[in-house]
Structure formats: structure tokens, C-alpha cells
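[1] Can you look at this prediction? I've put the sequence above it.
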Amino acid sequence: MNCFCVDASKMLKINRLGFSQYKTPSLHISRRNEEYILYAVYSGCLCLRADNEDIEMHPGDIRIFKKGAIQSGTLHCLCEFYYMHFDSDGIADMQIKEDEYAESFSRRLLDILRSELYSTECYDHMKLLLPESISISDTDAFSYFLGMMKMNMITEKKNDLYERLKISFEAVKILIELEKMAVLISKKELSRYRNISKIVEYMNLNFCKEISGASIEKDLNLNFDYANRIFRGSTGCSIMKYRNALRINKAKEELALTNHSISDIAFKTGFSSIYHFSRYFKKEVGITPSAYREANREIFQ
């Protein structure tokens with residue numbers, strides 16, 4: 001599938017964000033796109049040709065047209081649609097297999113989790129993967145998406161520095177929401193993705209507690225071997241390794257922000273002993289808990 005990889009850590013430059021209404025049958029404008037353009041059709045039909053491909057968009061359809069594409073209308077139509085013209089130094093065209101789309105999303109979330117807590121490393125993984133085309137059948141979800149666009153339309157009243165910066169930040173949120181919807185309706189991955197989401201939510205809430213395969217089966221109503229297999233396939237690590245990553249991140253926070261003893265932190269984050277905690281912490285972080293505290297405490301003094 002055709003996708004656009006958008007580096008969400010870089011400023012999104014918004015040229016236009018608004019609403020068009022063809023009250024009488026009209027032909028869409030012809031042009032060479034000087035930026036990326038997103039259309040979201042509210043009613044009617046939008047008929048276009050882009051780089052020799054004929055495209056019909058109906059209510060619920062969202063499509064991103066790439067920068068440099070030659071675009072023209074093909075039929076006179078009645079149509080209401082929202083649009084956003086945007087550009088950035090951090091956008092790239094790419095191809096991905098449909099059955100890998102949701103998995104790539106899960107892997108990125110795990111990469112962010114694994115990044116150093118008090119560094120800018122997490123921004124290296126903040127790249128949205130947006131499909132070229134998506135159709136939203138859930139009317140409530142689509143209305144929410146259009147509402148985000150409607151709230152941030154560019155008008156003459158918004159032609160000042162702070163308002164335009166605000167619109168740029170809000171536009172990133174719009175694209176984040178688009179990616180979330182794309183992941184959820186990835187048909188081949190929907191059931192599996194929901195199960196993975198259940199596991200992630202469960203671990204985020206309970207990682208400090210004693211968790212076993214049996215407790216996961218009981219609380220999530222999932223066979224543990226199956227759950228571990230699909231989780232590893234999507235994230236590249238086992239459920240228990242993910243749990244330990246959450247524990248280590250929490251321990252880093254406690255070491256840097258509190259004066260709690262290392263022993264207390266070990267038990268508070270779910271480790272059975274200070275020995276096990278110290279050994280695992282050094283293996284994953286590269287230094288002992290004491291050394292980590294010494295290196296990071298000055299940031300917060």
C-alpha cells in the first residue's frame with residue numbers, strides 16, 4: 001500500500017486548511033501540487049485524476065495527494081469536502097505491505113518505550129505512517145475527524161504568528177488521529193491489533209504487580225501462548241520483556257526524581273529482590289541503579 005511517512009517531531013507547514021462546497025455541479029481545479037494535499041469528503045462525490053489515475057471519493061473517504069502530483073477534475077460534481085495543504089522537511093513517500101501496517105505502528109510504540117527516559121531519543125521514533133487512501137465507515141469517528149479540521153480552518157482572523165503556529169500543532173493532531181483510525185480499520189489486523197492493545201493496556205496498569213501467564217489468561221480471556229505469539233510478532237519482544245521495560249522506565253523515574261532507597265524502588269516496581277533488580281537494570285541500561293541516580297539527579301536539583 002502507498003503511504004506517507006511524516007516526522008511528527010518536525011514543524012508541519014500549513015498552507016491552507018478549510019472547507020469547499022460545490023452547490024452546483026463543478027469541475028475540480030487543475031494544478032500541479034506544490035505541497036501535500038489531504039481531502040476528506042463530507043457529502044456528494046469528488047472526481048479527480050492524479051498522475052493518470054482516476055479517483056472517485058465519497059462521504060467518509062480521506063485521501064492524501066503527494067507533492068508534485070498533477071491533479072485535475074474529471075467530472076462536474078456536487079460535493080462538500082474539507083482540505084488541508086501541508087508540507088514539511090520530514091515527509092517521505094513509501095510502500096508497506098497491508099498486513100504489516102498495524103504491526104509497524106506497534107513496533108514504533110515499543111521503540112518509544114525503549115528510548116532513554118530523559119533524552120530526545122524518543123523523537124527519533126515519532127514518525128506517523130499515513131495511508132494514501134482510507135475510508136471511514138464509522139460516522140461518529142469520521143465526524144470527530146472533520147470536527148478537528150473545522151475547528152482549525154485558516155481564515156483572515158487567523159493570519160498571525162501565534163494562530164498559525166497553533167494550527168500547525170493542531171494539524172499534527174489531525175494526522176495522528178488519521179493514523180489511529182487507519183490502524184483500527186486495517187481489516188486483516190483488526191482482531192489481532194485489538195488483542196495486542198488489550199495486552200498493552202493491561203501491562204501498563206499492572207506492570208508493578210506479580211503477573212503470570214495464568215493471570216493474563218484469566219484477566220484478558222486470552223490463551224497465553226497465543227497472546228505472547230501475536231505480541232512478539234507485532235512488537236519484537238515477549239509480553240514479559242515488555243513488562244520489564246515498563247518496570248525499568250518506572251525505576252529510572254524513581255531514581256532520578258525521588259530519594260527512595262534502591263531497595264524500595266526495586267520492590268515498588270515489581271522486582272522480587274534488590275539483587276534481581278540491580279542485575280537486570282545493569283543488563284538493560286548499561287550501568288547500575290546507583291550510577292544512574294548519580295548521573296541524573298543533578299538535572300532535578
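    Yep, that arrived. Numbering: from 1, shown residues only.
[2] ok, and the helix or strand in the chain with the lowest average confidence?
    None of the helices or strands of the chain scores lower by mean pLDDT, DSSP states H and E than helix 101-114, at a mean of 75.
[3] Identify each buried residue in it, please.
    101-108, 110-111, 113-114 (16 or more other C-beta atoms under 10 Å). The C-beta positions use only the backbone N, C-alpha and C, and glycine is treated the same way.
[4] now stretch 214-222
    For stretch 214-222, the neighbour count (16+ other C-beta under 10 Å) marks 216, 222 as buried.
[5] counting contacts, what elements does the next helix or strand after the least confident helix or strand of the chain pack onto?
    Next along the chain after helix 101-114, taking DSSP states H and E as the criterion, comes strand 127-131. Applying 3 or more C-beta pairs under 8 Å, 6 or more residues apart in numbering; DSSP states H and E, we find strand 127-131 packed against strand 2-7, helix 101-114, helix 161-184.
[6] for the ones you listed, which one sits closest to residue 38?
    helix 161-184 (8.0 Å; C-beta to C-beta).
[7] re earlier: out of the buried residues of helix 101-114, who's nearest residue 74?
    So of these, ranked by how close each gets to residue 74 (C-beta to C-beta), first place is residue 101, at 29.0 Å.
[8] Might one say that that closest one is in contact with residue 182?
    Yes. Counting by C-beta atoms under 8 Å, residue 182 is a contact partner of residue 101 at 7.3 Å.
[9] Tell me where the stretch 1-150 of the chain has strands.
    2-7, 13-26, 31-32, 36-44, 46-50, 53-57, 61-65, 70-73, 77-87, 91-95, 127-131, 133-135 (DSSP state E, counting those that start in this stretch).
[10] Identify the contacts common to residue 101 and residue 182.
    Common neighbours of residue 101 and residue 182, using C-beta atoms under 8 Å, 6 or more residues apart in numbering, are residue 131.
[11] chain center to the least confident helix or strand of the chain: distance?
    For helix 101-114, the gap between its own C-alpha mean and the chain's C-alpha mean amounts to 9 Å (C-alpha atoms, centre = their mean, to the nearest Å).
[12] what's the answer for stretch 86-97, then?
    14 Å.
[13] what sits against residue 182?
    101, 130-131, 134.
[14] Would you mind giving the helices and strands packed on strand 127-131 as JSON lines with distance to residue 54 added?
    Shown next, in JSON lines, are those (distance: least, C-beta to C-beta, whole Å):
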{"stretch": "strand 2-7", "distance to residue 54": "16"}
{"stretch": "helix 101-114", "distance to residue 54": "25"}
{"stretch": "helix 161-184", "distance to residue 54": "23"}
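[15] looking at these, which is closest to residue 215?
    For residue 215, the closest of the helices and strands packed on strand 127-131 is helix 101-114, at 21.3 Å, according to C-beta to C-beta.
[16] Kindly export that closest one (C-alpha atoms) in CSV.
    Backbone C-alpha positions of helix 101-114 (Å, rounded to 0.1, in the frame of the first residue of the first chain) are rendered in CSV as follows:
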residue,chain,number,x,y,z
TYR,A,101,0.7,-1.8,8.7
ALA,A,102,-0.7,-2.3,12.2
GLU,A,103,2.5,-4.2,13.2
SER,A,104,4.7,-1.2,12.3
PHE,A,105,2.5,1.0,14.5
SER,A,106,3.0,-1.3,17.5
ARG,A,107,6.8,-1.6,16.9
ARG,A,108,7.1,2.2,16.9
LEU,A,109,5.3,2.5,20.2
LEU,A,110,7.7,-0.1,21.7
ASP,A,111,10.7,1.8,20.3
ILE,A,112,9.5,5.0,22.0
LEU,A,113,9.1,3.0,25.3
ARG,A,114,12.6,1.6,25.0
